[in-house]
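Chemist: Sequence plus predicted model, see below.
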Amino acid sequence: MEDRLMKLVNVKLVLVSLLGLLLVHSSVSGGTTFIESNDTWRFFRGKVQPSEPNDYWKEPDFNDLDWETGRSGFGYGDGDDETELLDMQGSYVTVYIRKEFTVSLASLDPNAIVELVIDYDDGFIAYLNGGDEIERRHMPAGHAIYTTLANSHEAGTPVIIPLGTVGELLNDGNNVLAIEGHNTSYGSTDFSLIPALRAVGDIVLTENTTWSGTTILEDTIVVPAGIVLTIEPGTVVQMKSGVGIKVYGQLLADGTEAEPIRFTHYGAGTTWERLMFIEAEDSRLVHCIIEYSDCAGDHKDYYDNDCDPGTPPLPRDYHEAIVVLASHVDFKCCIFQNLPDDSGSGQGDAIAIISDDPDDSGEASAEIINSQFLSIGQGVHTRFSYVLVEECYFTDHHGDNDDVDLYGESTPPPLILNNVLINSHDDMINPTRSSAVLIGNVVAGSSDHGVVLRDECSPVMINNLIYNCPSGGIAVQNQCDALLVNNTIVNSAVGIKFFDHTGRWGPPYCLFPGSGKATVINCIIWDCSTSLSLADSPYTGDRGSHAEVYYSNIEGGRYSASVSANSTLKWGVGNIDADPQFADVGSGDFHLKSGIGRWNPGSQIWVQDDVNSPSIDTGDPNSDWLAELWPHGKRINMGTFGGTAEASMSSSTIGNIADLNNNDIVNFQDYSLFSGGWRLYEHLLREDLDRNGFVDFKDAALFIDSWLWEE
């Protein structure tokens, strides 16, 4: 791979600073120019046909020694002529030119694009190595001869015309470019023909490189293995259409909150390609803004086409703004917006983490922390890859791709932790055939389901809050076996929906036939038309859905569930049906009311209510309650905050506020823990005994009062 990349050296790089000055960041070779705009050519004045037969003049073996020589450009009347044709006006309308040049294919990327750069007045037809024409501009259709007139076109701005790849068009050794230029009339007052020929392709960095200021990329940049590309805070990377960055080495883009790094387009109405990491060294993007990438597409293009694991996968054409193949990349405090445009309804997708690429397979992973995905398409898509998505914000996504879509198992499984996903189209989190772990997420306002757990896998959901999802809070499908603990589901058509997505047994989804099953513990399902819906399946292996429910608060109890004939619902111990007494449903605060203490996330203080929720201290007595602050009743609460520091406080006085390690005695072990939190300004600390957000002498006094207490 590295050897192939290092051959891509004959390209051009334009790096322009904010002041318009050229920045030299690395020893990158310029583009390969085969013919300069002022090179010497053989030319023939078209007073008669140039050869016998008429079109033989363009062939490589044509003998042009009798032709004149002159430097380009050819013409008169425009002031841009190196070889003036002062006899052309009124005498002839066509000039024939030929130029031989030598190419060493071994030094070129076969996929580099051959470009004809030409300024002309009025028309031309070009040929490369004889045969058929490769380009025609402002000429009538059909065979042209020396008396054929062109359509009008004024010179002044050279046109760049991609012709094809080096591998397709050029010979190793001698090559010939032949062009016939035509005027619009015998009496025309001017004529110009100024051609050049070059190859452009990826730019390969040859040494460690640093970018700053404004960097304009006209061609794709390749960071080969062993090379580090560093981007400094405040840098704006502007990329022209079709341009991106490919990383085989390492990319370190460390912006700051005050000076973020921006990856953006070059000019209104244009889009760049993508950042692509391919078997790269660990890289990172910190405080980066990613926008205007040409990244709309459908990740189902990566799925199986025949549901046969024995057949090789199809080649893939990735579309996301950032694609990570067999690499690890960290994202922190990044913003994904205006993808692919600033319409506010774009469906451009942000990140793909891929371990099963047909050409570059290998373990891929990412940590995506404290980042924002604003009014775009899909946020994160993975295939058989570990990803940590933590403290991120997703809103207003468009299209049928979900905010977070996880496909395939990985070791460890994906962890989706403490994110907010609100007010978006379609589902929001969708593990398919992925035993992902979802903890502490807020999912609200989807147009479909909140979370879809699909296919043969064993995902775990803990402490998630899901509300206002019209199709259902959680969907469990196609042999998924889910564990759902301490989740709160409110105001959704169905709290938990079990069914077989029969329309997706075949390609491209290739889902396992059958419905889903789940174990539900310490959950609250409230204000849902149906608490649990267990639908039958046509799959003969198991025609039903299956659920077990324990220690949960379900509005309407067992009879609020819909259970089809072949499905089963085990209504276990500890379930209740009582108003959970949420703090403020209208503002999205689903903490449980408590007369002893309820955390108010808005004011960041503990408050007291005039009622105690029946879901306090009624969770599974075997569940881990240790993270709940005293008074905790030594029993976990139901719902999304149960087992966390935000759990509403118990009316039980069991335990002691200074027993920080919950071992029923206050001693030097607790003192060590208390000392570790001394003088910290932070809410929800166990060491903050008076719960005012600061560990100080008041807390020390409370601790001393409890010294050597024992249960």
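Modeler: In hand now; what should we look at?
Chemist: Let me know the secondary structure of D670.
Modeler: What DSSP: H, G, I helix; E, B strand; the rest coil gives for D670 is helix.
Chemist: count of neighbours near the residue nearest to G249 when sequence neighbours are not counted?
Modeler: Of all residues not flanking G249 in the chain, I227 sits nearest, at 4.0 Å (CB to CB, 6 or more residues apart in numbering). (Glycine included, C-beta is placed from N, CA and C.) Using other CB atoms under 10 Å, I227 has 22 neighbouring residues.
Chemist: Might one say that I353 is in contact with E320?
Modeler: No: if you go by CB atoms under 8 Å, I353 and E320 don't touch, sitting 9.5 Å apart.
Chemist: anything in contact with each of the two?
Modeler: H381 (CB atoms under 8 Å, 6 or more residues apart in numbering).
Chemist: residues contacting P601?
Modeler: P601 makes contacts with D589, H591, E646, as judged by CB under 8 Å, 6+ apart.
Chemist: If we use 7 Å, what do you get?
Modeler: By CB atoms under 7 Å, 6 or more residues apart in numbering, the residues touching P601 are D589.
Chemist: pLDDT score for it?
Modeler: Looking at P601, its pLDDT reads 96.
Chemist: For A583, see how far away it is.
Modeler: 9 Å (CB to CB, to the nearest Å).
Chemist: okay, and the common contacts of these two?
Modeler: Common contacts of P601 and A583, defined by CB under 7 Å, 6+ apart, comprise D589.
Chemist: what's stretch 238-250 in contact with?
Modeler: The contact list for stretch 238-250, computed with CB under 7 Å, 6+ apart, reads 1, 5, 202, 214-228, 264-266, 270-281, 283.
Chemist: Would you list the buried entries among the residues you listed?
Modeler: Taking 16 or more other CB atoms under 10 Å as the criterion, what is buried in the contacts of stretch 238-250 is 5, 202, 214-225, 227-228, 264-266, 270-281, 283.
Chemist: quick one: average pLDDT of the host helix or strand of F101?
Modeler: F101 belongs to strand 94-103 when elements are defined using DSSP states H and E. Taken as a whole, strand 94-103 has a mean pLDDT of 97.
Chemist: List the neighbouring strands of whatever helix or strand comes next after it plus their orientation.
Modeler: Counting by DSSP H and E, the element after strand 94-103 in chain order, helix or strand, is strand 113-121. Each strand paired with strand 113-121, and its direction, by DSSP bridges: strand 159-165 (antiparallel), strand 191-200 (antiparallel).
Chemist: Deepest-packed of those strands, please.
Modeler: The highest mean neighbour count among the strands paired with strand 113-121, using mean count of other CB atoms under 10 Å, belongs to strand 191-200: a mean of 24.
Chemist: now it against strand 94-103, angle please.
Modeler: Angle, strand 191-200 to strand 94-103, by axes from the mean of the first three to the mean of the last three CA atoms, to 10 degrees: 20 degrees.
Chemist: what mean pLDDT does strand 191-200 have?
Modeler: Confidence over strand 191-200 (mean pLDDT, whole number) is 95.
Chemist: Equivalent analysis for stretch 672-680, please.
Modeler: pLDDT averaged over stretch 672-680 gives 96.
Chemist: Just the buried positions in that stretch, please.
Modeler: In terms of neighbour count (16+ other CB under 10 Å), stretch 672-680 has its buried residues at F674, G677.
Chemist: And stretch 703-711, by the same measure?
Modeler: Neighbour counts over stretch 703-711 (16+ other CB under 10 Å) mark F703, W709 as buried.
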